[in-house]
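*Asks:* just to be clear, the model below is a prediction. Sequence and coordinates:
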Amino acid sequence: MDSSVLVLLLSAVVLLSYFFNLVSRKTRIPSVLWLLGTGIAINYFDTTNFLSENFANRLVQVFGIVGLIMIILEAALDLHIDKGKGGLILRAFLSALVILFLSTFSIGYLLNYWLNEPLKICLIYAATLSIVSSAIVIPSVEFLTKEKKEFIVYEASFSDILGILFFNYLIGGDAANPGAAILYLGQIGISVVVSIVVSFVLVYLLGKLKIEAKFFLTFAVLIALYVGGKILHLPSLLIILFFGLIINNKHLIKSKKLLNFISPDEGTFSELNKELKSITAETSFLVRTFFFLLFGYSINLEKLIQPEVVLIGSFIVAILLVIRLIYLKYLNPKESPLPELFLMPRGLITILLFYNIPEQFRLQEFNNGILFFVILVTSFLMMFGLFSVDREVSEDLERPDGHY
């Protein structure tokens, strides 16, 4: 293909994504569904096999890794921690933790019964399907009230982080061995210490550097740290999380000497926060655009309508809904569980972890169409949940800038 035509197509994709973003604000149909639908349509009408299945899957993984880092950083930059939000943060954390574990074990036993495979391997697959996608849900909650929006943002962010930590633990060795659990907790402790030190160093360097391209230099360092930690089997996502949290919560640094050393200028943190938010939001938008378009392109429609896929996929979605409903009603028995009940889409994290399941833990009998089915159905359920939000309230909450 001619390079000019390729550049034109890439530009058209970005413009189309912005259009979908505007349409989603009016129709409440998440822009992710529009992108997935576009990718599926391109694949259906593509007679030239523009992208091979393996190459498309590889691109999905690359965009997924970058997107994961951007999304966690974007979420961390939005999380302001103070005493007044302690109860909200605790509720969101417990919601993410309890629902993640109950969903993982319930789906794991379902897969174990259906496939007659070892429970541990089934739990690995179940864990990927039990994580709420912050990449989909966070950009879609601008219609909610402030309290509900904050709860969903915190819950989705915690679900991502806890889900990835749990997945890494399951594939790391003998998960049932208490010694393995202690070792993994030690790795998390090391990662926390490294995360805090690296975060302080990055803040110090960003405050000192006078070059123009320092923020993308930061992203390059964060990506390198994430991949390096992954190679060393450390939960390096914590580095991204703590970096964002420190930037947005400098009041948590109690030592004035340390604060003055890493940031002598009073406005350094607020300036970094503002600029990082802007760049991260734009980069996340771009990565999400190509990730979900390519994922839609890689979906095999024939698999989606197979009886096995529809049956097992429906059971999995039902499990996710029932567990979420029970917990939300337990959390707030006097309040309606809507729309939070349906705000549980599966997406970027699920896809990325699924492609990163080690070969020795692969289930040969598992139909990948189930993954596609669960992602699409939960995205549609989120759309219905957004439709249930009171229109007058949502119109007051719409932001004029059109950003996620």
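*Replies:* Perfect, thanks for sending it. Residues are numbered from 1 along each chain as shown.
*Asks:* mind giving me the packing neighbours of the helix or strand that contains A181?
*Replies:* If you go by DSSP states H and E, A181 is part of helix 178-208. Packing partners of helix 178-208 (3 or more C-beta pairs under 8 Å, 6 or more residues apart in numbering; DSSP states H and E): helix 146-171, helix 214-231, helix 237-248, helix 256-262, helix 268-298. C-beta coordinates here come from the backbone N, C-alpha and C atoms, glycine included.
*Asks:* got the buried residues for the fourth one?
*Replies:* Going back to what we said before, that points to helix 256-262. Residues L259, I262 are the ones in helix 256-262 that count as buried (16 or more other C-beta atoms under 10 Å).
*Asks:* how about L33, secondary structure?
*Replies:* Assigned with DSSP: H, G, I helix; E, B strand; the rest coil, L33 falls in the helix class.
*Asks:* that one: neighbouring residues, count only.
*Replies:* Using other C-beta atoms under 10 Å, L33 has 21 neighbouring residues.
*Asks:* one more: Q360?
*Replies:* Neighbour count for Q360, taken as other C-beta under 10 Å: 7.
*Asks:* same thing with the one 5 residues further on?
*Replies:* When counting by other C-beta under 10 Å, one arrives at 10 neighbours for E365.
*Asks:* so who does it touch?
*Replies:* By C-beta atoms under 8 Å, 6 or more residues apart in numbering, the residues touching E365 are L115, E117.
*Asks:* now F387
*Replies:* Neighbouring residues of F387 by C-beta under 8 Å, 6+ apart: R28.
*Asks:* hmm, try it at 10 Å
*Replies:* Neighbouring residues of F387 by C-beta atoms under 10 Å, 6 or more residues apart in numbering: T27, R28, I29, F143, L338, P339, F342.
*Asks:* how about those residues, which pair is most distant?
*Replies:* Farthest-apart pair in these is T27 and L338; separation 18.7 Å (C-beta to C-beta).
*Asks:* for ChimeraX, write the select line for the buried members of the contacts of F387.
*Replies:* Those of the contacts of F387 that count as buried under 16+ other C-beta under 10 Å are selected in ChimeraX with:
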select :28,29,143,339,342
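*Asks:* residue ranges in the protein under the pLDDT threshold?
*Replies:* Across the chain, the ranges flagged by pLDDT under 70 are 1, 50, 53, 173-178, 211-215, 232-236, 264-268, 390-404.
*Asks:* okay, now the nearest residue to I370 once chain neighbours are set aside: neighbour count?
*Replies:* Leaving out its chain neighbours, the residue that sits closest to I370 by C-beta to C-beta, 6 or more residues apart in numbering is G313, at 4.9 Å. By the other C-beta under 10 Å criterion, the neighbourhood of G313 contains 24 residues.
*Asks:* quick check: which element contains G313?
*Replies:* Counting by DSSP H and E, G313 is found in helix 307-331.
*Asks:* what's the first helix or strand after that helix?
*Replies:* helix 348-355.
*Asks:* can I get that following helix in PDB, CA atoms only?
*Replies:* The C-alpha coordinates for helix 348-355 follow below in PDB (Å, rounded to 0.1, in the frame of the first residue of the first chain):
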ATOM      1  CA  LEU A 348      -8.200  -4.200  27.400                       C
ATOM      2  CA  ILE A 349      -6.900  -6.000  30.600                       C
ATOM      3  CA  THR A 350      -8.800  -9.200  29.800                       C
ATOM      4  CA  ILE A 351      -7.500  -9.300  26.300                       C
ATOM      5  CA  LEU A 352      -3.900  -8.400  27.300                       C
ATOM      6  CA  LEU A 353      -3.700 -11.000  30.100                       C
ATOM      7  CA  PHE A 354      -5.400 -13.700  27.900                       C
ATOM      8  CA  TYR A 355      -2.700 -13.300  25.200                       C
END
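*Asks:* so which bits of stretch 149-163 are buried?
*Replies:* Neighbour counts over stretch 149-163 (16+ other C-beta under 10 Å) mark 150-163 as buried.
*Asks:* oh sorry, the question was meant for stretch 372-381
*Replies:* For stretch 372-381, the neighbour count (16+ other C-beta under 10 Å) marks F372, F373, V374, I375, L376, V377, T378, S379, F380, L381 as buried.
*Asks:* among these, which one sits closest to R288?
*Replies:* Nearest to R288 out of the buried residues of stretch 372-381 is S379 (C-beta to C-beta; 13.2 Å).
*Asks:* so the closest one sits against G296, correct?
*Replies:* No - using C-beta atoms under 10 Å as the test, S379 is too far from G296 to be in contact (11.0 Å).
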